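Q: mind folding the following:
(one chain, ligands or ions: 1)
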Amino acid sequence: MNEIQPQLDIDTAIQAPVSMQRTNLLGLDRTALEEFFVALGDKKFRAAQLMKWIHQLGVTDFQLMNNLSKELRNKLAEISCIENLQVAKDLLSKDGTRKWLLQLADGNFIETVFIPEDDRGTLCVSSQVGCALDCSFCSTGRQGFNRNLSTAEIISQVWLASVLLEEEMKPGRKITNVVMMGMGEPLLNFDNVVRAVSIMMDDFAYGLSKRRVTVSTAGVVPAIDRLGDRLDMRLAVSLHASNDALRNKLVPLNNKYPLKELMAACVRFIDKQNTRSRITFEYVLLDGINDKPEHARELVKLLKGVPTLMNLIPFNPFEGSGYKTSSKQAVSRFSEILHNAGITTVVRKTRGEDIAAACGQLAGKIEDKSRRHRRFAVPRFGMEQ
Ligand code: SAH
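A: Numbers count the residues shown, from 1 in each chain. Alright, predicted model coming up:
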């Protein structure tokens with residue numbers, strides 16, 4: 001593991017916090033930016049010009065934007081800003097995964113991870129400060145919850161990662177995919193996430209195609225429906241159990257939106273997509289809890305009729321979790337049952353473990369407003385073993 005010294009001078013972008021009244025243009029999508037310019041008495045097309053400067057060229061100093069008039073540049077500097085998060089830690093794993101601990105203006109910290117693979121580079125982005133959902137095997141959940149991230153705070157993760165990866169000047173270190181699988185439940189921060197995703201997919205910003213942006217949810221059913229109405233992108237659903245009794249314990253949100261409703265919402269989502277795609281299901285394999293052949297068989301029944309890409313995730317341990325990673329045999333037996341039933345199944349490789357960057361290990365440092373950590377004095381499901 002390597003710690004890269006945070007380069008606080010990477011760009012003029014990392015500035016001292018500015019006055020609250022100024023609009024942070026980093027968080028405006030095309031429509032909002034067009035409205036912003038029209039309100040200034042200028043033309044709509046300025047929005048595209050500005051987005052290119054910010055998101056494609058990484059420029060945050062208005063004075064360098066030489067296709068805008070001097071007068072407009074001065075005006076922008078007066079009433080708006082382009083303000084990024086502060087890089088507090090920059091860690092490089094021996095497998096090439098890079099993780100950033102980012103400080104927010106209010107003193108909380110979140111994490112963002114870049115995962116290079118042969119044919120792509122995936123950025124795992126956070127949507128909230130902590131998480132309110134309390135899934136029993138997730139370290140982010142253990143920390144409790146503070147607040148939603150703003151659109152600017154979500155996009156800043158993509159902006160910083162792009163700029164910092166480009167500085168590496170190495171091949172294969174480009175963001176080709178974004179997954180909203182960092183800290184938080186994206187669909188409980190709906191509007192800001194939708195705006196951020198639309199900036200990620202905008203040709204004048206990051207230009208990612210709809211197949212390359214994935215929003216992951218633990219199953220907020222009404223928000224899955226709203227998302228399908230708003231955006232054409234990939235959906236991942238964190239399933240983790242094949243029946244309600246088990247899922248209620250692992251993913252407490254299931255008490256509110258049980259499996260039958262969740263599966264129906266997945267089918268509705270797929271039906272709304274322009275090009276028929278599949279739902280990615282995530283399933284963390286916990287030794288002795290949800291990894292038995294009968295669970296796999298039950299899963300096959302549950303997924304009948306739902307176009308599925310199954311992602312099996314061997315549990316990434318963290319201190320005090322109380323869970324164990326399933327054995328290699330259990331993982332391959334489980335995967336084989338799904339595969340034999342015709343379900344496309346992938347076992348997700350663990351990446352960035354040495355820098356605690358793997359799924360469920362993202363923790364940041366947050367001021368917990370939910371006081372959840374206090375409850376962990378009492379053993380919970382699965383921990384008694
Ligand atoms: N709240 C959203 C976004 C988080 S995605 C969601 O639940 O989908 C993070 C993924 O990593 C989820 O599938 C989550 O269940 C999984 N995960 C959480 N803790 C884990 C752990 N300790 N080991 C492996 N995967 C974990």
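
Q: what parts of the stretch 101-250 of the chain come near the ligand?
A: Cys135, Phe137, Cys138, Met181, Glu185, Ser216, Thr217, Ala218, Ser238 (CB under 6 Å from any ligand atom). Yep, even glycine has a C-beta here, placed from its N, CA and C like the rest.

Q: report the spatially nearest residue to the fourth one, omitting neighbours in sequence.
A: What that stands for is Met181. Computed as CB to CB, 6 or more residues apart in numbering, the closest residue to Met181 that is not its neighbour in sequence is Ser216, at 4.5 Å.

Q: quick one: that neighbour from Pro116, how far?
A: Separation of Ser216 from Pro116 (CB to CB, to the nearest Å): 20 Å.

Q: could you export stretch 187-194 as CSV, CA atoms only?
A: C-alpha atoms of stretch 187-194 as CSV (Å, rounded to 0.1, in the frame of the first residue of the first chain):
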residue,chain,number,x,y,z
LEU,A,187,-32.2,6.4,-3.9
LEU,A,188,-32.7,8.1,-0.5
ASN,A,189,-30.9,11.1,-2.0
PHE,A,190,-33.0,10.9,-5.1
ASP,A,191,-32.9,14.4,-6.7
ASN,A,192,-29.2,15.1,-6.1
VAL,A,193,-28.3,11.6,-7.4
VAL,A,194,-30.5,12.0,-10.5
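
Q: domain ranges for the chain?
A: As assigned by automatic domain parsing, the chain contains the domains 25-81, 87-377.

Q: so where's the stretch 101-250 of the chain shaky on pLDDT?
A: The stretch 101-250 of the chain contains no residues with pLDDT under 70.

Q: please redo it, this time with the cut-off set to 90
A: Applying pLDDT under 90 to the stretch 101-250 of the chain flags residues 139-143, 169, 171-172, 230-233.

Q: in it, mark out all the strands, start to finish.
A: According to DSSP state E, counting those that start in this stretch, the stretch 101-250 of the chain carries its strands in the segments 109-116, 121-124, 128-130, 145-148, 177-180, 213-217, 234-238.

Q: okay, the ones you listed in JSON lines with mean neighbour count next?
A: As requested, the strands of the stretch 101-250 of the chain are exported to JSON lines (neighbours: other CB atoms under 10 Å):
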{"stretch": "strand 109-116", "mean neighbour count": "25"}
{"stretch": "strand 121-124", "mean neighbour count": "23"}
{"stretch": "strand 128-130", "mean neighbour count": "27"}
{"stretch": "strand 145-148", "mean neighbour count": "21"}
{"stretch": "strand 177-180", "mean neighbour count": "23"}
{"stretch": "strand 213-217", "mean neighbour count": "23"}
{"stretch": "strand 234-238", "mean neighbour count": "22"}
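
Q: in the sheet, who's paired with the nearest residue to Asn189 once chain neighbours are set aside?
A: Distances taken as CB to CB, 6+ apart put Asn148 closest to Asn189, at 4.1 Å, once the chain neighbours are dropped. Note on Asn148: beta-bridge partners by DSSP bridges are Gln128.

Q: residues touching Glu319, list them.
A: Applying CB atoms under 8 Å, 6 or more residues apart in numbering to Glu319 gives no contacts.

Q: picking up where we left off before, from the residues of the stretch 101-250 of the chain next to the ligand, which two are the most distant?
A: The largest separation in those, counting by CB to CB, is between Phe137 and Thr217 at 16.4 Å.

Q: could you pull up the mean pLDDT of stretch 51-59?
A: Averaging pLDDT along stretch 51-59 yields 97.

Q: give me the buried positions along it.
A: Met51, Lys52, Trp53, Ile54, His55, Gly58, Val59 (16 or more other CB atoms under 10 Å).

Q: among these, name the ones in helices.
A: Judged by DSSP state H, the buried residues of stretch 51-59 include Met51 as members of helices.
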